[in-house]
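*Asks:* Could you look at this predicted model? Sequence included:
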Amino acid sequence: MVQAQVLNPVTWTGDVEKLSDTEYNLIFNAEIEEHWHLYSQDMPEGGALPTEFIYDSLSRVNNYNLIGKTLESPYITAYDKVFEMDLNYFDEKATFTQKIEVLNPNLKIIEVEASFQACDDERCIYQSKMVTFDLTTATSATEDPSNFIEDETKTVVKKDNKPLAAEKENKGLLTIFFTAFFLGFLVLLTPCVFPMIPMTVSFFTKQSKTRASGIKNALLYGFFIIVIYTLLGTAISAIFGSNAMYEFSTGVTFNAIMFIALMVFAFSFLGAFEIMLPNSWVNKVDSGANRGGIVGIFFMALALAVVSFSCTFPIAGTALLDAATKGGIAPIVSMLGFSSAIALPFGLFAFFPSWLNSLPKSGGWLNTVKVVLGFLELAFAFKFLSMIDLVLEWHFLEREVFLAIWIAIFGTLGLYLLGKIKLPHDSPLEHISVGRLSMAILALSFTVYMVPGLWGAPLKLISGFPPPMSTNSESPYGVGYMKKQVSASGEFVAKELPKDAHFGPNDLIAFHDYDKGMAYAKKVNKPVMLDFTGLTCVNCRKMEEQVWVEDEIYALLDNEVVLISLYVDDRTKLPEAEQFESELTGNKVRTYGHKWLEFQQTRYNTNAQPLYVIQNLDGEDISPTVGYTPDPKEYYEWLKKGIENFKE
């Protein structure tokens, strides 16, 4: 049972600074409770709701004008385990400053609504508070403007005093390292690099006077490979800084660059052309390799990087661009992992030269690896094109179109591996190896797996890659805007959508308006389950994805109750006639989210989500309220008891 408690983790106060006779700074001071976060005005898509300040347009007329954007104190950027992404937020306190020009000399009081979301490690709340500013108490401006930051040039404070953030950052860097290491290993299997391994190791072992000298030179060669690529990563970090590339990556321009780059890399790997450095560069590096000594070994390592450019650049470039979006030292870590994989065999085979005999011979299989990488690059390119489509809301690359492209790509890959399609640089294929056949089966199985997605299957294995079904699908609710459900007799029947209803989580029929949902419940004589939820409520999503999907629970939600999901963070404006004054705060309730939050707080004295209530047709509660209940058995018993109470 939920304990009735209204959470207020953020306290707001307002100060005023006088800049001149007509110009003032309105300063919003936010005091944040321990373990809670308040989020910045600048938030990535899919994260928490940004802080927003709402100025009543009627009270502003002939009274004051806003000058510029709202400045904010430096925020923290760190991994948030609730949203599972990097977010910009404040701890302990935050300050926002808005400059205004006063038009009415008799103006004394200004009220501004602060709309915000605050989260701790387990829950989030959405609130709105009115902040009052008294111009008669204004003090002279003393704050250095450099202590605040504008939307265009964000200054980021890295969080050093939070073990969780540091731990997540370290885990993120390890992931980047091992991902790049794996990509480096794949590069070893390309025709530009693989033949160089036995040639180079044999050169060092045979040309050196002693075995120890040969091992030393081979290790030095590998070390210089790491140095060359890591210097490249260092340059990227220095150029883009800790956060510039991260912010750039959320925009259309970055995604367009990634799409074009991956398409170029893909067609290069498929054999359309080769990405080559000028011959003059290659010749200069080769001449440097003839010097001998440490300098000569360095130029030999550089020669490998230059000669293998057509194979390494597409993969290294992809890894580097992805790492650059993380900011900080991620590009350095990425190139360290990438180059370590390339350097490893040179040192390893120098220690154990007899192992060279067990290496597979160079041949057509090397080009096959290169072509497979080309198909993968081609598939990933459309993910970035999809992001452009989502941001600009063009709706030309809907979910079905995206899946059709991926089905075509991986289906073609499967046929290629079976030898049905030949590309430039392919050797004659006399027979299919077991490894190649296994890869073909994997590619074709993946192709078949994606086909039901064209008709609305969730495709959990690639969740996050195709556009979301709810907003970017030609038929988000299935063919003909109805879903199929299994009846009690086990037969498939059509699930029609009642008037004013929507398909909610897991295709459950849900109402987003209390009165309309209650009217339908009376029509079908079923109890109501109120679901106080949020668009950005992570625990709500966990309940829907992990508890509601249980067969017994889903059957009750689908057949025995009328689900009314009220989103307390819905910022859609209420019609002017439906706006009202809050009983709790005295503020004007302007959005649907505030309306349902007001309902939740006045009725149940809590503002935490999720909150579940079973009601009869008179709107009376017939079961205790419950919140986040990760145990399916416990939730099922609660839901079953509420339905039984209705039937008594």
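*Replies:* Received the coordinates, thanks.
*Asks:* what is the residue positioned nearest the centre of the chain paired to in the beta sheet?
*Replies:* The residue lying closest to the centre of the chain (CA atoms, centre = their mean) is residue 85, at 5.9 Å. Residues in a beta bridge with residue 85, per DSSP bridges, are residue 80.
*Asks:* any idea how far it lies from residue 224?
*Replies:* Remark: distance between residue 85 and residue 224 (CB to CB, to the nearest Å) = 37 Å. All C-beta spots, glycine's among them, are computed from the backbone N, C-alpha and C.
*Asks:* circling back to that earlier point, pretty sure the residue nearest to the centre of the chain is in contact with residue 48, am I right?
*Replies:* No - Residue 85 is beyond contact range of residue 48, at 9.5 Å (criterion: CB atoms under 8 Å).
*Asks:* any idea where the helices of the stretch 1-150 of the chain begin and end?
*Replies:* 57-60 (DSSP state H, counting those that start in this stretch).
*Asks:* for the stretch 451-600 of the chain, same thing?
*Replies:* Using DSSP H, counting those that start in this stretch, helices in the stretch 451-600 of the chain cover 514-524, 538-542, 551-559, 592-604.
*Asks:* Least reliable of those helices by average pLDDT, please.
*Replies:* Comparing mean pLDDT across the helices of the stretch 451-600 of the chain, the weakest is helix 538-542, with a mean of 79.
*Asks:* roughly how far out does that helix sit from the chain middle?
*Replies:* 16 Å (CA atoms, centre = their mean, to the nearest Å).
*Asks:* quick one on the thing from earlier: residue 119: which of the helices of the stretch 451-600 of the chain is closest?
*Replies:* Nearest of the helices of the stretch 451-600 of the chain to residue 119, taken as CB to CB: helix 538-542 at 8.3 Å.
*Asks:* Mind listing what's buried along the closest one?
*Replies:* 538-540 (16 or more other CB atoms under 10 Å).
*Asks:* again with stretch 513-529
*Replies:* Buried, per 16+ other CB under 10 Å, within stretch 513-529: 513-514, 517-518, 520-521, 526-529.
*Asks:* Surely residue 115 is in contact with residue 41?
*Replies:* No - applying CB under 8 Å, one finds residue 115 not in contact with residue 41, separated by 10.8 Å.
*Asks:* so what's in contact with the two at the same time?
*Replies:* Common contacts of residue 115 and residue 41 (CB atoms under 8 Å, 6 or more residues apart in numbering): 51-52.
*Asks:* one step back: can you put the helices of the stretch 451-600 of the chain in CSV and add distance to residue 312?
*Replies:* CSV is the format used below for the helices of the stretch 451-600 of the chain (distance: least, CB to CB, whole Å):
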stretch, distance to residue 312
helix 514-524, 59
helix 538-542, 40
helix 551-559, 50
helix 592-604, 51
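*Asks:* Residue 131: which of these is closest?
*Replies:* Closest approach to residue 131 among the helices of the stretch 451-600 of the chain is made by helix 592-604 (15.8 Å; CB to CB).
*Asks:* Could you list the alpha-carbon positions for that closest one in PDB?
*Replies:* Output of helix 592-604 as PDB, limited to C-alpha atoms (Å, rounded to 0.1, in the frame of the first residue of the first chain):
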ATOM      1  CA  TYR A 592      -3.300  18.100 -18.800                       C
ATOM      2  CA  GLY A 593      -0.300  16.900 -16.800                       C
ATOM      3  CA  HIS A 594      -0.900  19.400 -14.000                       C
ATOM      4  CA  LYS A 595      -4.600  18.600 -14.100                       C
ATOM      5  CA  TRP A 596      -4.000  14.900 -13.400                       C
ATOM      6  CA  LEU A 597      -1.200  15.700 -10.900                       C
ATOM      7  CA  GLU A 598      -3.600  17.900  -9.000                       C
ATOM      8  CA  PHE A 599      -6.200  15.100  -9.100                       C
ATOM      9  CA  GLN A 600      -3.600  12.700  -7.700                       C
ATOM     10  CA  GLN A 601      -2.400  15.000  -4.900                       C
ATOM     11  CA  THR A 602      -5.800  16.200  -3.800                       C
ATOM     12  CA  ARG A 603      -7.400  12.700  -3.800                       C
ATOM     13  CA  TYR A 604      -4.400  10.500  -2.600                       C
END
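*Asks:* what about the strands in the stretch 151-300 of the chain?
*Replies:* Secondary structure of the stretch 151-300 of the chain (DSSP state E, counting those that start in this stretch): strands at 156-158.
*Asks:* Same check on the stretch 451-600 of the chain?
*Replies:* Going by DSSP E, counting those that start in this stretch, the stretch 451-600 of the chain shows strands at 483-486, 492-495, 501-503, 509-511, 528-533, 562-567, 580-581, 588-589.
*Asks:* Quickly compare the ones you listed and say which is most buried.
*Replies:* strand 528-533 (a mean of 26; mean count of other CB atoms under 10 Å).
*Asks:* Distance of residue 320 relative to residue 466?
*Replies:* Distance from residue 320 to residue 466, by CB to CB: 26 Å.
*Asks:* Can you list the low-confidence ranges for the stretch 251-400 of the chain?
*Replies:* For the stretch 251-400 of the chain, the stretches with pLDDT under 70 are 251, 275-293, 307, 310, 321-328, 355-363, 391, 393.
*Asks:* Repeat the analysis, applying 80 as the threshold.
*Replies:* 251-255, 258, 274-297, 299-301, 303-330, 346-347, 349-366, 387, 390-393 (pLDDT under 80).
*Asks:* In contact with residue 560, which residues?
*Replies:* Contacts of residue 560 (CB under 8 Å, 6+ apart): 526-527, 643.
*Asks:* let's see 6 Å
*Replies:* residue 643 (CB atoms under 6 Å, 6 or more residues apart in numbering).
*Asks:* ditto for the one 10 residues further on
*Replies:* Residue 570 makes contact with 592-593, according to CB under 6 Å, 6+ apart.
*Asks:* how near is it to residue 513?
*Replies:* 11 Å.
*Asks:* got it, and residue 546?
*Replies:* If you go by CB to CB, the gap between residue 546 and residue 513 works out to 27 Å.
*Asks:* got it, and residue 113?
*Replies:* 23 Å.
*Asks:* mind checking the end-to-end distance for stretch 500-514?
*Replies:* The first and last residues of stretch 500-514 sit 11 Å apart, counting by CA to CA, to the nearest Å.
*Asks:* my bad, stretch 190-199
*Replies:* Stretch 190-199 end-to-end distance (CA to CA) = 15 Å.
*Asks:* ok, back up a step: format the buried residues of stretch 513-529 as a markdown table; extra columns: distance to residue 301.
*Replies:* Below are the buried residues of stretch 513-529 laid out as a markdown table (distance: CB to CB, whole Å):
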| residue | distance to residue 301 |
| --- | --- |
| 513 | 67 |
| 514 | 69 |
| 517 | 69 |
| 518 | 74 |
| 520 | 72 |
| 521 | 73 |
| 526 | 73 |
| 527 | 73 |
| 528 | 71 |
| 529 | 66 |
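*Asks:* Residue 354: which of those residues is nearest?
*Replies:* Of those, the one sitting nearest to residue 354 (CB to CB) turns out to be residue 529, at 70.4 Å.
*Asks:* ok, and the closest non-adjacent residue to the closest one?
*Replies:* residue 561 (4.4 Å; CB to CB, 6 or more residues apart in numbering).
*Asks:* Could you check how far the nearest residue in space to residue 418 that is not next to it in sequence is from residue 334?
*Replies:* Of all residues not flanking residue 418 in the chain, residue 440 sits nearest, at 4.9 Å (CB to CB, 6+ apart). Residue 440 is 31 Å from residue 334, where distance means CB to CB.
*Asks:* Which one of these two is surrounded by more residues?
*Replies:* residue 334 (32 against 19; other CB atoms under 10 Å).
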